[in-house]
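S.K.: With the sequence up front, the predicted model follows.
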Amino acid sequence: MIESYPPRRALLRVSVVTETFPPEVNGVATTVERLVRGLQLRDHHVQVVRPRQAADAWDRDGSRLGLEQVLTRGLPIPRYPQLRMGLPAQRALQALWMRRRPDIVHIATEGPLGWSALRTARKLQLPVSTDFRTNFDAYSEHYGVGWLRRSVQAYLRRFHNHADCTLVPTEGLRQQLRAAGFERLIVVQRGVDVDRFTPALRNPALRAVWGVGPDERVLLYVGRLAPEKNLELLAAVYDAMRAVQPGWRLVVVGDGPQRAWLAQRCPQAVLLGALAGEALAQAYANGDLLAFPSLTETFGNVTLEALASGLPVLAFDYAAAAEVVRHGESGLLAPVGDAQAYLQCARAVAGDDALLQRLQGGAVHAVQHLGWGRIVEQVESIWLRLLAAHAAGPAVVKSSPWWDGLPATGA
């Protein structure tokens, strides 16, 4: 079933700048694609500016997805050669947007392409919004460059403060960024495709393919296999749960530089690699509990996808989990950074089928209000307010809380 959105009279021409987009598999690409599709369904014209991917070799204008796409140069990202970092394209963007001015420029990623888009939008006096998508300053600790953390945060602050507003996915992150000097922050929760991610896809035959018996339970992990995802704790959780109840099996969806390490550390684990679309939805629906030990998320889309699929979530109490998971009702939450408390939660559910079933029963209900239709409507409302503020002059945009009174997605 495809979500439909009633058209609005004020139709916008929106240029979305992103350094990742499907068929690339990651949370940012998925979220940007859902926003783009939702805007199209509301009859807005959407232009996507992004780096060229391998799949574009035969498609020079990027039209294979039925979108106006502008493809730019990029370079492979270290450790993730399947992803590309966009190179600066200020001159090309200036020519593009002078030829046909967008009503709104929305920049989804903070790399070189995003920075050049921000500079160009400012030069042309175009309304511009940004997304705070990835906690790069926190990631730096996990890649041996923690000494760069302050510099990275300073860059991100400068980047986003040059925009008219920045969209953030949680109130907790808004408060954290505000304390760090970020300005004009607006909370827009992420959505989830409640038609794609559903418990109805549960299939004992798929569990049998994984080697899971009818009386066994699946601890599911979905995400990159990388240092910032706290996989050491994932492995410890698996050990702790099997010590309580040997019938638990670890099934891992994702790929990355720590795949070989995880395979050696947890030789009984089933490693499925990266999945997307229907295959990903089926994997969620055939798990029993999602382990999400990461401490570096700005949101964590997998939390919503798991809950919509009927999986309770074992997570730290921040980001998406803090917003949508109720401890003891739809998942179990540990204080942020408290690995022992996290392990205790894992042990508690490992041998308690009644608790697990109660959590599973509450999972789906936790996210039914977060379909993408409401999220897209809120973003549209923000942009219409921003256009009105721009018409009133730069002082209004920079100093007046023009977004006050906007509806909240979580309401």
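M.R.: Sure thing, it's come through. Numbers count the residues shown, from 1 in each chain.
S.K.: Spit out the contact partners of residue 188.
M.R.: 167-169, 375, 378-379, 382, 409 (C-beta atoms under 8 Å, 6 or more residues apart in numbering). In this view, the C-beta of every residue, glycine as well, is placed from N, C-alpha and C.
S.K.: what does residue 212 give?
M.R.: 218, 249, 251.
S.K.: which residues of this structure score low on pLDDT?
M.R.: Applying pLDDT under 70 to the chain picks out residues 1-9, 55-65, 79-82, 134-147, 405-411.
S.K.: so what are the domain limits for it?
M.R.: Taking automatic domain parsing as the reference, the chain has its domains at 13-191+371-399, 199-366.
S.K.: Can you show me the helices along the stretch 301-411 of the chain?
M.R.: Using DSSP state H, counting those that start in this stretch, the helices of the stretch 301-411 of the chain run over 301-308, 319-324, 339-350, 353-363, 372-392, 394-399.
S.K.: export the ones you listed to JSON lines and tack on mean neighbour count?
M.R.: Shown next, in JSON lines, are the helices of the stretch 301-411 of the chain (neighbours: other C-beta atoms under 10 Å):
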{"stretch": "helix 301-308", "mean neighbour count": "26"}
{"stretch": "helix 319-324", "mean neighbour count": "24"}
{"stretch": "helix 339-350", "mean neighbour count": "19"}
{"stretch": "helix 353-363", "mean neighbour count": "16"}
{"stretch": "helix 372-392", "mean neighbour count": "18"}
{"stretch": "helix 394-399", "mean neighbour count": "12"}
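S.K.: Out of those, which gets nearest to residue 11?
M.R.: The closest of those to residue 11 is helix 372-392. By C-beta to C-beta, the value is 10.0 Å.
S.K.: From the chain's centroid, how far away is that closest one?
M.R.: Helix 372-392 sits 21 Å away from the centroid of its parent chain (C-alpha atoms, centre = their mean, to the nearest Å).
S.K.: Out of the contacts of residue 188, which is nearest to residue 265?
M.R.: Closest to residue 265, out of all of the contacts of residue 188 and judged by C-beta to C-beta, is residue 169, at 31.0 Å.
S.K.: Out of the helices of the stretch 301-411 of the chain, which is closest to residue 107?
M.R.: Across those, residue 107 has its closest neighbour in helix 372-392 (13.1 Å, C-beta to C-beta).
S.K.: about what we covered before: Throw the contacts of residue 188 into JSON lines and include distance to residue 243, thanks.
M.R.: Below are these laid out as JSON lines (distance: C-beta to C-beta, whole Å):
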{"residue": "167", "distance to residue 243": "43"}
{"residue": "168", "distance to residue 243": "39"}
{"residue": "169", "distance to residue 243": "35"}
{"residue": "375", "distance to residue 243": "41"}
{"residue": "378", "distance to residue 243": "45"}
{"residue": "379", "distance to residue 243": "46"}
{"residue": "382", "distance to residue 243": "49"}
{"residue": "409", "distance to residue 243": "40"}
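S.K.: Check which residues of stretch 245-252 are buried.
M.R.: Within stretch 245-252, the residues that count as buried by 16 or more other C-beta atoms under 10 Å are 248-252.
S.K.: Please narrow the residues you listed to those residing in strands.
M.R.: Counting by DSSP state E, the buried residues of stretch 245-252 place 248-252 in strands.
S.K.: Pipe the buried residues of stretch 245-252 into CSV and attach distance to residue 307 per row.
M.R.: What follows is those, written out as CSV (distance: C-beta to C-beta, whole Å):
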residue, distance to residue 307
248, 20
249, 21
250, 20
251, 17
252, 19
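S.K.: Would you mark the buried spots in the helix or strand residue 114 falls within?
M.R.: Take DSSP states H and E as the rule and residue 114 turns out to sit in helix 112-123. Using 16+ other C-beta under 10 Å as the test for burial, helix 112-123 gives 112-118, 120-121.
S.K.: Likewise for stretch 179-199?
M.R.: Residues 182, 184-194, 196-198 are the ones in stretch 179-199 that count as buried (16+ other C-beta under 10 Å).
S.K.: gap between the two ends of it?
M.R.: Stretch 179-199 has its terminal residues 40 Å apart, counting by C-alpha to C-alpha, to the nearest Å.
S.K.: Can you give the distance of that stretch from its chain's centre?
M.R.: Counting by C-alpha atoms, centre = their mean, stretch 179-199 is centred 8 Å from the centre of its parent chain.
S.K.: What residue, apart from its backbone neighbours, is nearest residue 123 spatially?
M.R.: In space, and not counting its chain neighbours, residue 123 is closest to residue 94: 6.9 Å by C-beta to C-beta, 6 or more residues apart in numbering.
S.K.: list the buried ones in the helix or strand hosting that neighbour?
M.R.: Using DSSP H and E, residue 94 falls within helix 90-99. Residues of helix 90-99 classed as buried: 90, 93-94, 96-97 (neighbour count, 16+ other C-beta under 10 Å).
S.K.: Ok, stretch 12-19 next?
M.R.: 12, 14-19.
S.K.: which one among the residues you listed gets closest to residue 404?
M.R.: residue 12 (21.2 Å).
S.K.: give me every residue that touches the closest one.
M.R.: Neighbours of residue 12 in contact, by C-beta under 8 Å, 6+ apart: 39, 44-45, 103-104, 380, 383-384.
S.K.: coming back round to it: list the neighbouring strands of the helix or strand following the helix holding residue 94 plus their orientation.
M.R.: Next helix or strand after helix 90-99 toward the C-terminus (DSSP H and E): strand 104-107. Partners of strand 104-107 in the sheet, by DSSP bridges, are strand 13-17 (parallel), strand 128-131 (parallel).
S.K.: Including distance to residue 244, could these go into CSV?
M.R.: Output for the strands paired with strand 104-107, formatted as CSV (distance: least, C-beta to C-beta, whole Å):
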stretch, distance to residue 244
strand 13-17, 47
strand 128-131, 40
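S.K.: Out of those strands, which is closest to residue 289?
M.R.: Minimum separation from residue 289 across the strands paired with strand 104-107 (C-beta to C-beta) falls at strand 128-131, 29.9 Å.
S.K.: So what touches that closest one?
M.R.: 104-110, 114, 118, 121-122, 159-160, 163-168, 382-383, 386.
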